[in-house]
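>>> after the sequence you'll find the predicted model.
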Amino acid sequence: MDCTRAKIAVLGAVQGVGFRPFVFRLATGLALNGWVLNSAQGVFIEVEGPLDALQSFLTRLRDEKPPLAIIQSLESSFLDPIGYSGFEIRFSEEKGAKTALILPDIAICSDCLQEILDPANRRFRYAFTNCTNCGPRFSIIKALPYDRPNTSMKQFSMCPECDREYHDPTDRRFHAQPNACPKCGPHLELWNASGDVLAREDAALLEAAKFIKEGKIIALKGVGGFQLLVDASAEFSVARLRTRKKREGKPFALMYPSLDQVRLDCVVSEMEGRLLRSPESPIVLLTRQLRESRVAPSVAPGSPCFGAMLPYTPLHHLLLLELRFPIVATSGNLANEPICIDEKEALNRLAGIADYFLVHNRPIVRHVDDSIARIVCDREMVLRRARGYAPLPIRINESVPSVLATGAHLKNNVALSVGRDVFVSQHIGDLESMPAFAAFRKTAVDLPWLYDVQPELVACDLHPDYLSTKYALELGRRVERVQHHWAHVLACMTENELDDPVLGVSWDGTGYGSDGSIWGGEFLLAEDGSFQRVASLRQFCLPGGESAIKEPRRTAMGILYEVFGREGLRNHALPPIADFSEREIALLEKALDRGLNAPVTSSAGRLFDAVASLIGLRQRVTFEGQAAIELESVIDFNIHDVYTFQLSDDSPRVVDWGPMIQEILLDLQRGESAGYISAKFHNTLTEVIVEVAREIAQSRIVLTGGCFQNRYLLEKSIQRLSQENFKPYWHQRVPTNDGGISLGQVIGAARAARATTLSAKGAAA
């Protein structure tokens, strides 16, 4: 019988998912000889046997792979046989470029969950149970390849039983790097606020559950950092957490014991249910039930949604099993700071917030927040990309130079390109505090180190005052500055695998424009490797500059001044004007007349703020997007009318929303409801998009930027564009907000570098 050798390279997320034991079982089942090993690049296989058996092996390798494995490429070649006897799993290799994909932290699988609930199992109620199909990955890895000595589990020596599982190719814990049991693995402790140990192991968990029932705030060390937990039905306790955490109005996330309990408070579609139960297990934004909820009012004041999730670690499952009611599960930090990852650090930073600390001794290598997602137009849309998603890469069509992108100022993350992969880091947050900036710097160093890459380029935002921009300029490398809204468009194009030409609708609150003004309501035509600003919203002044971002009433005054001049600030019946004193109005008039601390902007996000202020919903905000969220929450879905707007003929075209503002004031005089006005406002913006698309005559429309976190605006825009025979595209796995900026910066810098190279070649010729 003729024998042939197949040499196979499998690249992708194929480490830590049971891929090698799967290969072992497949090869031995087909009576093939050879070996399989992990390397820093991926999984390599050599198998020998009859050609038909090798062909079957290759087909089944892709078709029957483990559920968590992601195969990006599978390259094979047939060679002369060497004469292997048997099949073996070889030790990992660390040499060569590090291109293997690191898996995100994955929710507990059904097999492990069954074990921790089985009194006869040796892992009964063990809070750190995992296998090759679940458990921590990105939060514990220190270096590639993904093997136990390269993780924070190195310090735990396996007992004989765990060691047998780890080395048995037929066991689902074969080379499960965090493998452990109560005898040899991490353990729990409950501390008081002074760090004194009150209880250990299961007793610590039971005592923590008792304290939560009593209304106490527990700081829990999870898989990627600390969470603050409190009974979601206890208004006094939730309000106290808000005060201590200095988080005035931003909604808290909820963790429910079961999907059935989620349905008591939220409307849950089939797709939303699947997302809640998925291995990624994100926080899912769900519409609240209209009936009265047991959830305390302070959990999500003014929001039409609850952010709900299910338990995703053994520790969470065991805790919720004791409680049997929903809890607030919010990040363990003060407002505008990164989450704590070390128990000693938590005692210091969470002092005065948490009453007790439920901790463990498995070190967390890097912080990883909970991800946030929602379902839009029957598709998953990630709004915060962290646990369950990061650091899986975005695959691009061609190799690019190695670029480190430092991201935006808000919702920051960083990105790194390696060949055809762009690795987008976990969510870091707003760079408004020194701890947040320190976390940013650590991540910007961590990602290139993990993949052993020295970036050829550094990409950053145009804004000179962003800390991320300043950091990029201090690295001493070649820097490419990428305009903010162009980065948004490029990120969405990349995710949807689109080439030029494309019309990008890039709407958000603030972005530094190419002309030095504040952009935010942009229509950018992508063509010939760059962009042209073909239209934008009419500009207006922001009295008070940065203050206007936190005070929609100021933005409303800028809008009224733009449309009516000084006379627009005289109608004291209007909510924003009534909120100012006569002296304050006089000062605002002077500032607007002289253009003092009143920068001009084309921001769509600020337009939402202004309308929310004009109709009396919100004059001040405590978190980004609060006014827009409340404006969306009151929409009357039965209203399909639109307001008037005008589109200029010059280039770039200007969308004049002035007539809309005049008509909104008339509706206010007629006593129309906030829901009626909000619906017409949103409907008008969708018609603005359609009208500009008609004028530019580009069929492919990209919808991106923070404004498209608004579900009504996004779905209505998609619907109307489709009705008018345009092809709309939007974000799915990469955030539409500033969490997508770093990906766009990588692509923008790579395009600029390619253009420079081509120009140099042309000059030389």
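Everything's here; your move.
>>> and stretch 446-457, how far from the chain's centre?
In terms of CA atoms, centre = their mean, to the nearest Å, the centre of stretch 446-457 is set 22 Å apart from its chain centre.
>>> wait, residue 285 sits on residue 307?
Yes: using CB atoms under 8 Å, residue 285 and residue 307 qualify as a contacting pair, with a distance of 5.6 Å. To be clear about C-beta, it is placed using only N, CA and C from the backbone, and glycine gets the same treatment.
>>> what touches both of these two?
residue 372 (CB atoms under 8 Å, 6 or more residues apart in numbering).
>>> helix or strand right after the strand or helix carrying residue 695?
Assessed by DSSP states H and E, residue 695 sits inside helix 674-696. Using DSSP H and E, the helix or strand that follows helix 674-696 towards the C-terminus is strand 700-704.
>>> tell me the helix or strand right after that next one.
Counting by DSSP H and E, the element after strand 700-704 in chain order, helix or strand, is helix 711-723.
>>> give the buried residues for that next one.
711-714, 716-718, 720-721 (16 or more other CB atoms under 10 Å).
>>> can you give me the helices for the stretch 401-550 of the chain?
434-450, 467-474, 484-495, 546-550 (DSSP state H, counting those that start in this stretch).
>>> pull out the buried positions in the longest one.
By that I understand helix 434-450. 435-437, 439-441, 443-444, 446-448, 450.
>>> repeat for the second one
Buried residues in helix 467-474, counting neighbours by 16+ other CB under 10 Å, are found at 467-469, 471-472.
>>> show me what the helix or strand harbouring residue 593 is in contact with.
Residue 593 is part of helix 582-594, with elements assigned from DSSP H and E. Identification of contacts with helix 582-594 by CB under 8 Å, 6+ apart yields 541, 543-544, 554, 557-558, 561, 566, 569, 577, 580, 596-598.
>>> need the buried ones from the residues you listed selected in ChimeraX.
Remark: buried members of the contacts of helix 582-594, expressed as a ChimeraX selection using 16+ other CB under 10 Å:
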select :541,543,544,554,557,558,561,569,577,580,598
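>>> closest one of the contacts of helix 582-594 to residue 111?
residue 554 (56.3 Å; CB to CB).
>>> ok, the closest one to residue 707 distance?
19 Å (CB to CB, to the nearest Å).
>>> kindly report the same for residue 611.
13 Å.
>>> got it, and residue 647?
Taken as CB to CB, the span from residue 647 to residue 707 is 19 Å.
>>> name the residue in those two with the higher neighbour count.
Using other CB atoms under 10 Å as the criterion, residue 647 and residue 707 rank with residue 707 on top: 26 against 14.
>>> give the contact list for that one.
Contacts of residue 707 (CB under 8 Å, 6+ apart): 507-509, 604-605, 608, 628, 713.
>>> quick revisit: which element follows the helix holding residue 593 toward the C-terminus?
Following helix 582-594 in sequence, per DSSP H and E, is strand 600-601.
>>> helices or strands up against that following strand?
For strand 600-601, the packing partners by 3 or more CB pairs under 8 Å, 6 or more residues apart in numbering; DSSP states H and E come out as strand 518-527, strand 540-541.
>>> the shortest one - what's its average pLDDT?
The average of the pLDDT scores along strand 540-541 is 96.
>>> contact partners of it?
558-559, 561-562, 592, 595, 598-601, 606.
>>> for PyMOL, what selects the buried ones among the residues you listed?
Buried residues among the contacts of strand 540-541 (16+ other CB under 10 Å), as a PyMOL selection:
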select buried, resi 558+559+561+562+592+598+599+601+606
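>>> tell me the one of the contacts of strand 540-541 nearest residue 686?
For the contacts of strand 540-541, the nearest to residue 686 is residue 606 (18.5 Å; CB to CB).
>>> so which strand or helix has that closest one?
Using DSSP H and E, residue 606 falls in helix 604-614.
>>> okay, now the unreliable bits of the stretch 1-150 of the chain?
1, 40-41, 73, 92-100 (pLDDT under 70).
>>> and the stretch 201-350 of the chain, by the same measure?
In the stretch 201-350 of the chain (pLDDT under 70), no residue qualifies.
>>> so where do the strands sit in it?
For the stretch 201-350 of the chain, the strands defined by DSSP state E, counting those that start in this stretch occupy 218-221, 226-231, 253-255, 266-267, 283-288, 305-309, 327-331.
>>> a markdown table please, covering these and showing distance to residue 521 and mean neighbour count.
Listed next are the strands of the stretch 201-350 of the chain as a markdown table, based on distance: least, CB to CB, whole Å; neighbours: other CB atoms under 10 Å:
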| stretch | distance to residue 521 | mean neighbour count |
| --- | --- | --- |
| strand 218-221 | 42 | 25 |
| strand 226-231 | 37 | 26 |
| strand 253-255 | 31 | 24 |
| strand 266-267 | 32 | 18 |
| strand 283-288 | 24 | 22 |
| strand 305-309 | 25 | 24 |
| strand 327-331 | 31 | 26 |
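>>> need these in JSON lines (columns: distance to residue 513).
Conversion of the strands of the stretch 201-350 of the chain to JSON lines gives the following (distance: least, CB to CB, whole Å):
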{"stretch": "strand 218-221", "distance to residue 513": "42"}
{"stretch": "strand 226-231", "distance to residue 513": "39"}
{"stretch": "strand 253-255", "distance to residue 513": "34"}
{"stretch": "strand 266-267", "distance to residue 513": "40"}
{"stretch": "strand 283-288", "distance to residue 513": "31"}
{"stretch": "strand 305-309", "distance to residue 513": "32"}
{"stretch": "strand 327-331", "distance to residue 513": "33"}
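>>> out of those, the one nearest residue 188 is which?
strand 218-221 (9.0 Å).
>>> sorry, back to before: with just CA atoms, put the helix holding residue 695 into CSV.
Extracted C-alpha coordinates of helix 674-696, given in CSV (Å, rounded to 0.1, in the frame of the first residue of the first chain):
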residue,chain,number,x,y,z
ALA,A,674,-41.6,64.9,23.7
GLY,A,675,-42.2,61.5,22.1
TYR,A,676,-43.7,63.1,19.0
ILE,A,677,-40.9,65.6,18.6
SER,A,678,-38.2,63.0,19.3
ALA,A,679,-39.6,60.7,16.6
LYS,A,680,-39.8,63.4,14.0
PHE,A,681,-36.2,64.5,14.8
HIS,A,682,-34.9,61.0,14.4
ASN,A,683,-36.9,60.4,11.2
THR,A,684,-35.5,63.7,9.8
LEU,A,685,-31.9,62.6,10.4
THR,A,686,-32.5,59.4,8.5
GLU,A,687,-33.9,61.4,5.6
VAL,A,688,-30.8,63.6,5.7
ILE,A,689,-28.7,60.5,5.2
VAL,A,690,-30.8,59.3,2.3
GLU,A,691,-30.8,62.7,0.6
VAL,A,692,-27.0,63.2,0.8
ALA,A,693,-26.6,59.6,-0.5
ARG,A,694,-28.8,60.5,-3.5
GLU,A,695,-26.8,63.6,-4.2
ILE,A,696,-23.4,61.9,-4.0
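>>> any buried residues in it, and which?
Quick answer for helix 674-696 (16+ other CB under 10 Å): 674-686, 688-693, 696.
>>> if we can go back for a sec, nearest to residue 729, out of the helices of the stretch 401-550 of the chain?
helix 484-495 (6.3 Å).
>>> state the mean pLDDT of the closest one.
On average, helix 484-495 scores 97.
>>> what helices or strands is that helix leaning on?
Packed next to helix 484-495, using 3+ CB pairs under 8 Å, 6+ apart, are strand 393-400, strand 502-512, strand 518-527, strand 700-704, helix 741-764.
>>> any chance of the ones you listed in TSV, with mean neighbour count and distance to residue 230 too?
Compiled in TSV, the helices and strands packed on helix 484-495 are given as follows (neighbours: other CB atoms under 10 Å; distance: least, CB to CB, whole Å):
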stretch	mean neighbour count	distance to residue 230
strand 393-400	16	37
strand 502-512	27	31
strand 518-527	24	37
strand 700-704	26	36
helix 741-764	20	33
